[in-house]
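Colleague: everything below, folded, please.
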Amino acid sequence: MTDKVLDGIDRSDHSEGMDYLVTKRAKFVTVYLPLSIILFILLFPFYWMTLTALKPNQELLDMKTKNPLWVHDPTLSHIKSVLFETDYPIWMFNTMLVSVVATIISLVASVCAAYAIVRLRYKGSQYVGGLIFLAYLVPPSILFIPLSTIVYKYGLFDTPMALILTYPTILIPFSTWLLMGYFKTIPYELEECALIDGATRSQILLKIILPLSVPGLISAGIFSFTLCWNEFIYALTFISTTSKKTVPVAMLSEFVDGDIYRWGALMAGALLGSLPVAILYSFFVDHYVSSMTGAVKE
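Modeller: Numbering: from 1, shown residues only. Predicted coordinates:
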């Protein structure tokens, strides 16, 4: 008996399942090649954005003698110009403030709505959930016209509150639908036991449902935060003062002079603006995927 064979088991076989039936060529064609193509399609825009942000203006204009897919003389002048010669830090703060506050408001409302639809027994609860999700399908380009009238009449025009109060109209429907699917995975027997012990509905929600729904809350929060961070139409319509703009709108209005596009500054600002969302996803990607899977199952 050798070291590789012990108790009739071949320890040298490290294959999983029926992987031993798949040849290396077949695995390359069915797994590695498609993954490589997908990664290239997804990552190439970020690569191009980084190249443009690091290229000096001479290289950006000289496409004949310089390789457009590489940086020959990298520079940080565009990033320095964006950070220290514009109001970019203020725009970043405005975007962060609006995204965080709107996300918190949307999560509170979505938790209450999802719990009421899934757990409280009343006639037509499933139809209410479907109608809420259908509200998410309404394009923001249709809603911003009546919302702009309301914002103007209430004196909220050109203030961060205009965005904080209007963003939940597109965040709450999807977040509610997502949390509905996640709440359904929590055993109802837990609530029945709590009700028998004398707990109220609010105590059940705060002490039982929410602690068990942390992955779902993280997923809904990431979705809401990302949508707020990248939103353009409402921010363009409701905000006019330069110092109060968010990053997506400010980048377009401040770095485009007529038909002249300052590509270096544009790409540097876009690269810096994408970092907070990328960092957020990197920390919570496991919770995001698991909660999305649970919602889709339902």
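Colleague: only C-alpha atoms for contact and neighbour calcs from this point on.
Modeller: Fine.
Colleague: in a helix, Y47, correct?
Modeller: Yes: according to DSSP: H, G, I helix; E, B strand; the rest coil, Y47 belongs to a helix.
Colleague: number of residues surrounding it?
Modeller: As a burial measure, Y47 scores 15 neighbours (other Cα atoms under 10 Å).
Colleague: repeat that for Q126.
Modeller: Neighbour number of Q126 under other Cα under 10 Å is 12.
Colleague: P56 versus the residue most central in space within the chain, what's the distance?
Modeller: For the chain, the residue sitting closest to the mean C-alpha position, by Cα atoms, centre = their mean, is T226 at 3.3 Å. Between T226 and P56 the computed distance is 31 Å (Cα to Cα, to the nearest Å).
Colleague: hang on, the earlier thing: how about the host helix or strand of the residue nearest to the centre of the chain: buried residues?
Modeller: Taking DSSP states H and E as the definition, T226 sits inside helix 214-230. Within helix 214-230, the residues that count as buried by 16 or more other Cα atoms under 10 Å are 215-230.
Colleague: from those, which is closest to M161?
Modeller: Each of these was scored against M161 by Cα to Cα, and C228 proved nearest at 13.2 Å.
Colleague: from T65, how far out is the closest one?
Modeller: From C228 to T65 the distance is 41 Å (Cα to Cα).
Colleague: do L179 as well
Modeller: For L179, the distance to T65 - Cα to Cα - is 55 Å.
Colleague: the two: which has the busier surroundings?
Modeller: L179 (28 against 7).
Colleague: shouldn't the more buried one be in contact with A109?
Modeller: No: look at L179 against A109 with Cα atoms under 8 Å: they stay out of range, at 11.1 Å.
Colleague: mind saving the C-alpha coords of stretch 71-80 as CSV?
Modeller: Backbone C-alpha positions of stretch 71-80 (Å, rounded to 0.1, in the frame of the first residue of the first chain) are rendered in CSV as follows:
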residue,chain,number,x,y,z
VAL,A,71,0.6,55.3,-21.8
HIS,A,72,4.1,56.3,-22.8
ASP,A,73,4.6,59.3,-20.5
PRO,A,74,2.0,58.9,-17.6
THR,A,75,1.0,62.0,-15.7
LEU,A,76,-1.2,62.8,-12.8
SER,A,77,-1.9,66.4,-14.0
HIS,A,78,-5.5,65.5,-14.9
ILE,A,79,-6.3,64.0,-11.5
LYS,A,80,-4.6,66.9,-9.8
